[in-house]
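Student: What follows is a predicted protein model with its sequence.
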Amino acid sequence: MVPPQELHFTSMQNLSLLSIYLFSVFILYSIAKRKSFSKSREKLIPSPPKLPFIGNLHQMSSLYHQSLYSLSLKYGPLMLLHFGEVPWLIVSSSDMARAVMRTHGLTFASRPSAAVSEILRFGDIAFEPYNEDWRMLRKIFTIHLMSAKKLISYEKIREEEVGNLIEKIRNHASLSSGNPIELRKVLFSFMIDLICRVVSGKFIIEKGRYAIMREVVEENFRLVGRFSIGDVFPSFSWLEGIIGLSRKASRNKKRWDLFFEEVIQAHAEGNKGGDNFVDILLSLKNDSSLNPDLSMNQIKGLMLDAFAAGIDTTYVTIDWAMCELIKNPVIMKKLREEVRGIVKHGDMVTTENLNKFGYLKAVIKETLRLHPPIPLLLPRESMEECKINGFTVPKGTKVLINAWAIGREEKSWEAPEVFMPERFLGSQLDYKGNYFQFIPFGAGRRICPGIVFATATAELALANMVHLFDWELAIGMTREEFNMSESPGFSVHRKDELELLVKNVHPSY
Ligand code: HEM
């Protein structure tokens, strides 16, 4: 029999040997990974020092875009970081963003696959790799669902829904004057109603279901905004089902699926031929000119694109704009004067008025510069090896573009941290993907196809809110205390709910 002391010694020896073995495997693995980024004697992409196994994860706070911004100030606009075992290229300047999204636009037009988004997605556009299916879906979205003609047909719906939003605020002011309104909730239901009408042509959300819908939309963003075990440690992806986010993702997908099934069923049974997403998509399902065919899963995916990509991003933009206006009363006053100078006080601002409001457009642009709702855009993946700024970037590299950092780039923006809509007045600068210092909607082939819809919605809602009411901070709160901190997630919200007092409702309202 082996004496206990010896047994202990033997297991200690085994343990040390095992540790040495694992450490050597890790070092060899890291060298092999690193080598794929550095063919002999080529310059290496700057990289903050990393720890074994976790890579650079310890340098990340829950607000990834802010941590990446701080690192980029030290390591430069093109960095290589390791989230666990996986290398990511981080782009943090307008020049590097142009190189990735324009000069090598095709190379970086694909999306990487991720454990959570693979579960959550139907056949949608946003997370589809660059392939035939993506081309077909994107074409359907831009030609059939968001064409110039369609966008005009949505104007009336938008005006009616902004009318409902204003009515809700007015009701609150008359019934609970003195109590602050929870603006975020009201804005969220406004966007749900609007998107529901565009997608389905009618209201499909009963009153009690807003909270559920908000939960489902926000859970989607929470989940895609976090790394799951299989994404950071592919060699441990077998643990995904046990400690990963897969179960939560499957649960949320089921909730989406039930909702989409219900809506599609109602359309399939009712009158067809309407001017809404579902009727249009159902009619395209039998269109022989489409190649490949449009599947039911892809119809659900296109619905998800509108719900998941359209609701959260747009209402968060209006929310941030209101926060900045409350914090900056001079800007609020200037905006109100612009709107009231053109639209009679008490009348609703209409879509037709919007083109006359230069300052309003500047306020929305400045909001999107400082608070891009998706600060790291959607991830990209290179489809072939290429050179960026003299560095070799291998095929299959995952890329994050920090639009939040780029909106604060010193060389492009004077006093970047200051909310100053005036910087956009008389300037050609816009968010349509041609000015890489300002890319809240991305750029290139994967640029957001909902830009016009989103900005027209944010402009119309904000113009009416500022025109028809006066807004004040809840009692006991000062402007200095008004917290602009962000909460973590794929789309970035203000940490605190926005609670404001509604004042001076116009008598005709
Ligand atoms: C203020 C509101 C919005 C913001 C800030 C925003 C931002 C973005 C961003 C950053 C991307 C990724 C772009 C890239 O990879 O370069 C994107 C993609 C996308 N957005 Fe938006 N978006 C907004 C509203 C909307 C709306 C209203 C819709 C539709 C109703 C929409 C539909 C989509 C779709 C389908 C994609 C995927 C495009 C692709 O991968 O080809 N978005 N959006």
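Tutor: Nice, thanks for sending it over.

Student: Can you classify the residue of the stretch 151-300 of the chain found nearest the ligand by secondary structure?
Tutor: Among the residues of the stretch 151-300 of the chain, residue 195 lies nearest to the ligand; the distance is 6.8 Å by C-beta to the nearest ligand atom. C-beta: built from backbone N, CA, C; applies to glycine. Applying DSSP: H, G, I helix; E, B strand; the rest coil to residue 195 yields a three-state assignment of helix.

Student: Isn't it up against residue 307?
Tutor: Yes - taking contact to mean C-beta atoms under 8 Å, the distance of 5.9 Å between residue 195 and residue 307 places them in contact.

Student: And for the residue of the stretch 151-300 of the chain closest to the ligand, the neighbour number?
Tutor: Taking other C-beta atoms under 10 Å as the criterion, the count of residues near residue 195 is 25.

Student: any idea how far it is from residue 352?
Tutor: 23 Å (C-beta to C-beta, to the nearest Å).

Student: and the stretch 101-250 of the chain, which residues reach the ligand?
Tutor: Contact residues (C-beta under 6 Å from any ligand atom) of the stretch 101-250 of the chain with the ligand: 125, 126, 138, 141.

Student: Of those residues, which is the most crowded?
Tutor: The residue in these with the most neighbours, by other C-beta under 10 Å, is residue 125 (25 neighbours).

Student: Give the burial count for residue 345, as a bare number.
Tutor: Residue 345, neighbours per other C-beta under 10 Å, totals 13.

Student: And residue 236, by the same measure?
Tutor: Look at residue 236: counted by other C-beta under 10 Å, it has 14 neighbours.

Student: got a pLDDT number for it?
Tutor: At residue 236, the pLDDT value in this model is 87.

Student: got the phi/psi numbers for it?
Tutor: phi -110, psi 20 (degrees, to the nearest 10).

Student: Was I right to think it contacts residue 242?
Tutor: No - under the criterion of C-beta under 8 Å, residue 236 lies out of contact with residue 242, with a separation of 10.1 Å.

Student: what are the ranges of the strands in the stretch 151-300 of the chain?
Tutor: 181-182 (DSSP state E, counting those that start in this stretch).

Student: for stretch 175-189, which positions count as buried?
Tutor: Within stretch 175-189, the residues that count as buried by 16 or more other C-beta atoms under 10 Å are 180, 181, 183, 184, 185, 186, 187, 188, 189.

Student: same thing with stretch 57-73?
Tutor: Taking 16+ other C-beta under 10 Å as the basis for neighbour counts, the residues of stretch 57-73 that come out buried are 59, 60, 63, 64, 65, 66, 68, 69, 71, 72.

Student: which ones among these are found in helices?
Tutor: With helices taken from DSSP state H, the overlap with the buried residues of stretch 57-73 comprises 64, 65, 66, 68, 69, 71, 72.

Student: Enumerate every residue touching the fifth one.
Tutor: With contact set as C-beta atoms under 8 Å, 6 or more residues apart in numbering, residue 69 has these partners: 92, 402, 404, 405, 408.

Student: By neighbour count, which of these wins?
Tutor: Tallying neighbours with other C-beta under 10 Å puts residue 402 at the head of the contacts of residue 69, with 29 neighbours.

Student: Tell me the spacing between it and residue 491.
Tutor: As judged by C-beta to C-beta, residue 402 and residue 491 stand 15 Å apart.

Student: Pull up the distance across stretch 122-129, start to finish.
Tutor: Looking at stretch 122-129, the gap from its leading to its trailing residue is 13 Å under the measure C-alpha to C-alpha, to the nearest Å.

Student: Check the offset of it from the chain's centre.
Tutor: When distances are taken as C-alpha atoms, centre = their mean, to the nearest Å, stretch 122-129 is centred 15 Å away from the chain's centroid.

Student: what does stretch 443-450 give?
Tutor: Going by C-alpha atoms, centre = their mean, where stretch 443-450 is centred and where its chain is centred differ by 13 Å.

Student: so, in contact with the ligand or not, it?
Tutor: Yes - contact check for stretch 443-450 against the ligand, using C-beta under 6 Å from any ligand atom: residues in range are 443, 446, 447, 448, 449, 450.

Student: Counting neighbours, what do you get for the fifth one?
Tutor: Summarising burial for residue 449: neighbours were counted as other C-beta under 10 Å, giving 17.

Student: on that earlier part again, the residues of the stretch 101-250 of the chain next to the ligand into JSON lines, with extra columns for secondary structure and pLDDT?
Tutor: What follows is those, written out as JSON lines (DSSP: H, G, I helix; E, B strand; the rest coil; pLDDT from 0 to 100):
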{"residue": "125", "secondary structure": "coil", "pLDDT": "96"}
{"residue": "126", "secondary structure": "coil", "pLDDT": "95"}
{"residue": "138", "secondary structure": "helix", "pLDDT": "97"}
{"residue": "141", "secondary structure": "helix", "pLDDT": "95"}
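
Student: so who does residue 81 touch?
Tutor: The neighbours of residue 81, taking C-beta under 8 Å, 6+ apart as the test, are 47, 48, 50, 55, 56, 59, 68, 71, 87, 88, 90.

Student: Now it: which helix or strand?
Tutor: Under the assignment given by DSSP states H and E, the secondary-structure element containing residue 81 is strand 78-83.

Student: so how far is that strand off the chain centroid?
Tutor: The answer for strand 78-83 is 21 Å, by C-alpha atoms, centre = their mean.

Student: helix/strand/coil for residue 130?
Tutor: Bear in mind the rule, three-state DSSP; under it residue 130 is coil.

Student: okay, now it: neighbour count?
Tutor: Residues contacting residue 130 under the criterion other C-beta under 10 Å number 19.

Student: just the one 3 residues further on next, same as before
Tutor: Around residue 133 sit 17 other residues, with neighbours defined as other C-beta under 10 Å.

Student: Verify the stated contact: it with residue 297.
Tutor: No - counting by C-beta under 8 Å, residue 133 sits too far from residue 297 to count as a contact (10.4 Å).

Student: overlap in contacts of these two?
Tutor: Between them, residue 133 and residue 297 share the contacting residues residue 123, judged by C-beta under 8 Å, 6+ apart.

Student: Show the model's pLDDT score for the residue nearest the centre of the chain.
Tutor: Note on the chain: the residue nearest the mean C-alpha position is residue 374, at 3.1 Å, using C-alpha atoms, centre = their mean. In this model, residue 374 is scored at 97, pLDDT.

Student: ok, now residue 212?
Tutor: For residue 212, the predicted pLDDT is 77.

Student: Next, count neighbours for it.
Tutor: By the other C-beta under 10 Å criterion, the neighbourhood of residue 212 contains 13 residues.

Student: Distance-wise, check the residue nearest to it when sequence neighbours are not counted relative to residue 427.
Tutor: Nearest residue to residue 212 in three dimensions, chain neighbours excluded: residue 255, at 7.9 Å (C-beta to C-beta, 6 or more residues apart in numbering). Separation of residue 255 from residue 427 (C-beta to C-beta): 44 Å.

Student: Nothing else from me, thank you.
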